[in-house]
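Trainee: with the sequence up front, the predicted model follows.
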Amino acid sequence: MPNPDFLSVSPEVRAALSAKRPVVALESTIITHGMPYPHNLDTARRVEAVVAANGALPATIGVLGGRLVVGMNAEELAALAQDASALKASRKDLSACIAKKANAGTTVAATMAIADMTGIRVFATGGIGGVHRGGETSFDISADLIELSRTNVAVVCAGAKSILDIGRTLEFLETHGVPIFGFQCDDFPAFYARSSGFKLDHRFESGRDIANAVKLQGEIGPAGSLIVAPPPADKALPEAAIEAKIQIALQDAERDGVRGKAVTPYLLRRVVELSDGGSLEANMALIENNAALAARIAVALAAL
């Protein structure tokens, strides 16, 4: 494991990795930009508890005072959750955040990069970024997709966020050689909704079977693996209903001149408002579901 001055790995995470025990990385933009306080802190704590309950060590990753922190403690989580000035850091922002000694939540791309640097091979998140609607002309494509194509980390999620162009996102992943493994599902999930209408090529029934595929992908490389699980049925939102709200949110974003990395948090907040909190409940439920699956995969991967 590298030991640069800007990398802080908790003693618990360092010990677990040294002993080859299962560890699951968790991102922190959900804390800084995904949910309002105190829902963000409550969710972060609950997700860590779910990982631990399923046999793995949770390692929340973020940037604090210009240091890449792997395995944030309770005080660090609370501080980041209440920092309204925290930045949103993708891979490209990490060096600037370190130089500025800033606090930041790490996106999927940044969390993957830091997890890979540390030696963590399984990562749980809510949904990945992707090709934005209109991306064929704006070229607004998330760095998450490029990171998945080059970094050997398995990402467990509920598909791509519903606010994105899922069809083009899947085409991009296919072009760049990223395998997608469906956990007990035949359709690619759409974050809040259990199906996007796009069929998957590969379905697996158990965490152990997925772990074996992840291990093989790591040996074949160079891409990581994308594991998708639909949100729990009792919390998922109907595809048509959530699409109508997304269309309103997109129009609002255009009216307000929202661009770049501000688009996703804006749209997520607006959909929460338009769904009377229903999307927030779905978001919290799917993240916990993904964390449980990621822990089971990490345990099986460690056994392999």
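Mentor: Okay, I see it. Residues are numbered from 1 along each chain as shown.
Trainee: residue furthest from the geometric center of the protein?
Mentor: Computed with Cα atoms, centre = their mean, the residue of the chain farthest from its C-alpha average is Arg255, at 28.1 Å.
Trainee: isn't there a helix covering that residue?
Mentor: Yes: with DSSP: H, G, I helix; E, B strand; the rest coil as the criterion, Arg255 is assigned to a helix.
Trainee: in stretch 225-241, what's buried?
Mentor: The neighbour-count check on stretch 225-241 (16 or more other Cβ atoms under 10 Å) flags Ser225, Leu226, Ile227, Val228, Ala229, Pro230, Pro231, Lys235, Ala236, Leu237, Glu239 as buried. All C-beta spots, glycine's among them, are computed from the backbone N, C-alpha and C.
Trainee: among these, which are located in helices?
Mentor: Glu239 (DSSP state H).
Trainee: farthest pair within the buried residues of stretch 225-241?
Mentor: Across these, no pair lies farther apart than Ser225 and Leu237, at 26.6 Å, counting by Cβ to Cβ.
Trainee: what about Gln247, distance to Val70?
Mentor: Distance of Gln247 to Val70, given as Cβ to Cβ, to the nearest Å: 39 Å.
Trainee: which stretches of the stretch 201-304 of the chain form strands?
Mentor: 203-204, 225-228 (DSSP state E, counting those that start in this stretch).
Trainee: pipe the ones you listed into JSON lines and attach distance to Gly260 per row.
Mentor: Below are these laid out as JSON lines (distance: least, Cβ to Cβ, whole Å):
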{"stretch": "strand 203-204", "distance to Gly260": "35"}
{"stretch": "strand 225-228", "distance to Gly260": "24"}
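Trainee: out of the buried residues of stretch 225-241, which comes closest to Glu147?
Mentor: Distances from Glu147 to those, taken as Cβ to Cβ, are shortest for Leu226 (10.9 Å).
Trainee: need the contact list for Phe6.
Mentor: For Phe6, the contacting residues are Gly66, Arg67, Leu68, Ile98, by Cβ atoms under 8 Å, 6 or more residues apart in numbering.
Trainee: top of those by number of neighbours, please.
Mentor: Leu68 (25 neighbours; other Cβ atoms under 10 Å).
Trainee: re the thing from before, which one of the strands of the stretch 201-304 of the chain lies closest to Phe191?
Mentor: Between Phe191 and the strands of the stretch 201-304 of the chain, the shortest gap by Cβ to Cβ is with strand 225-228, which sits at 10.0 Å.
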